[in-house]
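A.B. asks: return atomic coordinates for the entry below.
(one chain, ligands or ions: 2)
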Amino acid sequence: MHDLVVRNISQLILPESSFSPLKGKEMSVLKVKENAAFAVKDKKVSWIGNDDEADSKKAVQYIDVQQKMVSPGLIDPHTHLVFGGSRENEMPLKQKGMSYLEILAGGGGILSTVDATQRASEEELFQKASFHLERMISFGVTALEAKSGYGLDRDTEIKQLRVIQRLQNSFPAAIVPTFLGPHAIPLSYKGREEDFLNEMIGLLDEISHKNLAEFADIFCETGVFTAEQSRKFLKAAKSKGFGLKIHADEIDSLGGAELAAELEAASGDHLVAVSDKGIKMLGDSNTVAVLLPGTTFYLGKDTYAPARRMIDNGLAIALATDFNPGSCVTENLQLIMSLASLKLNMSAEEIWNSVTVNAAHAIGLNGKAGTIEVGKPATFVIWDADNYHYIPYHFGVNHAKIVYLDGNKIWERQKNEKFQLSDSR
Ligand code: NIG
Ligand code: FE
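C.D. replies: Ligands and ions are numbered 1, 2, ... in the order given. The predicted model follows:
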């Protein structure tokens, strides 16, 4: 006896977990089962088959999805979920032509969010992050990474990571925490960058002992941290057992991609300005290139990460929102899928693999999330669409209808979102 049978599925999206991420041409293959059904028992997928076999499956509950598509829960492998304040005041500055790094150099940008995050209480940060997280889940995201990095001092970094831990215990989603202490250099450390870096390295032991983060990350960029400083931090983190991530070559090409491959990082993220050598080295590695086209869009740039060249060179790509208060203010991973289609020229098959199995690899959830497989968690989304091409095509809105995590319904579109025409007349 199954707990649940989901049936009459137009397309069941079935990426499979594998030891390494899908690379290059492998990304263009997406397993899709038409007229499908599947069953759930004890939080796991217990059967997958044709819809006409579903009649013979005994279950406590049946859901007829009426020829809609079903996919694994989406995975957002790069977010800055926890922060204080907001930065709408930067919009006019951007419109006047001030660049992201200029705003940061003047003490704005990340540094103004650091100020707001330092001043916010743990409870305030938790409430605010909860609001954003609920919205992410409503877009079909059931697993995500969340970074610290708006503390730049011990107490605030730990405060952010404790908020992430509280979110993990309070919300139905898999949340993977990352320590991003070296995210910017506080103005008070101008000229003493190395001292600041050493302080952040000094926090690694405490964070590891308290089990507050699985990954360590650094912003390797002009005016922030050099490739050498990034190597020093990431090597220290690796020696203490952290998985590695790096904000690499977002604006300038500093060798961040090369470093990610050299240190066998789980992911190198951004990579808009990646060098040919960086592409080659990532192609020879299992490091996932996490692309964030929403950030390029939101920064108002015309040049996007060279996704096609990356795929031609055998890289593994994942897609993420980069949700944060400055360079990409959206929780909507479906919008990112549209931008990947329009701006990165990725096919729908490549895109779905990038927000499921490859995203799982980027945050250490391979085999635990991103698939619908017998024996694996029954974590899935029922969509308001009958085919997987439709989601990147129809952009900017939410197509998720019902979201399940471990066999439990965790979100459903409210019926009252429909217009009540007769009442309003
Ligand atoms: O990934 N580039 C560095 N960090 C974030 C932006 C953070 C912010 O502007 O608050 C990013 O784009
Ligand atoms: Fe980021």
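
A.B. asks: which helix or strand contains E34?
C.D. replies: Following DSSP states H and E, one finds E34 within strand 32-41.

A.B. asks: what do you get for W47?
C.D. replies: strand 44-50.

A.B. asks: give me the angle between that strand and strand 32-41.
C.D. replies: Taking axes from the mean of the first three to the mean of the last three CA atoms, to 10 degrees, one finds that strand 44-50 is oriented at 140 degrees with respect to strand 32-41.

A.B. asks: could you list the residues in contact with strand 44-50?
C.D. replies: Strand 44-50 has contacts (CB atoms under 8 Å, 6 or more residues apart in numbering) with 2, 12, 14, 33, 35-40, 57, 372-378, 407. (Glycine included, C-beta is placed from N, CA and C.)

A.B. asks: neighbouring strands for the strand holding E34, and are they parallel or not?
C.D. replies: Each strand that pairs with strand 32-41, with its direction, by DSSP bridges: strand 2-13 (antiparallel), strand 44-50 (antiparallel).

A.B. asks: so which of these gets nearest T330?
C.D. replies: Ranking the strands paired with strand 32-41 by proximity to T330 (CB to CB) places strand 2-13 first, at 22.8 Å.

A.B. asks: now do the helices in the stretch 301-425 of the chain.
C.D. replies: For the stretch 301-425 of the chain, helices defined by DSSP state H, counting those that start in this stretch occupy the ranges 307-312, 333-343, 348-354, 357-362, 390-393, 421-424.

A.B. asks: sorry, back to before: now the buried members of the contacts of strand 44-50.
C.D. replies: 2, 12, 14, 33, 36-40, 57, 372-373, 376-378, 407 (16 or more other CB atoms under 10 Å).

A.B. asks: quick check: chain neighbours aside, which residue is closest to L4?
C.D. replies: V40 (4.3 Å; CB to CB, 6 or more residues apart in numbering).

A.B. asks: let me redo that: I137
C.D. replies: W411 (5.3 Å).

A.B. asks: picking up where we left off before, tell me how far the strand holding W47 lies from the chain's centre.
C.D. replies: Strand 44-50 has its C-alpha centroid displaced from the chain centroid by 27 Å (CA atoms, centre = their mean, to the nearest Å).

A.B. asks: and stretch 281-288, by the same measure?
C.D. replies: 19 Å.

A.B. asks: what is the end-to-end distance of that stretch?
C.D. replies: Start-to-end span of stretch 281-288 (CA to CA, to the nearest Å) is 12 Å.

A.B. asks: quick one: the helices in the stretch 51-200 of the chain, in order.
C.D. replies: 90-95, 100-105, 110-119, 122-138, 154-170, 193-209.

A.B. asks: if anything else comes up later, I'll come back, but that's it for now.
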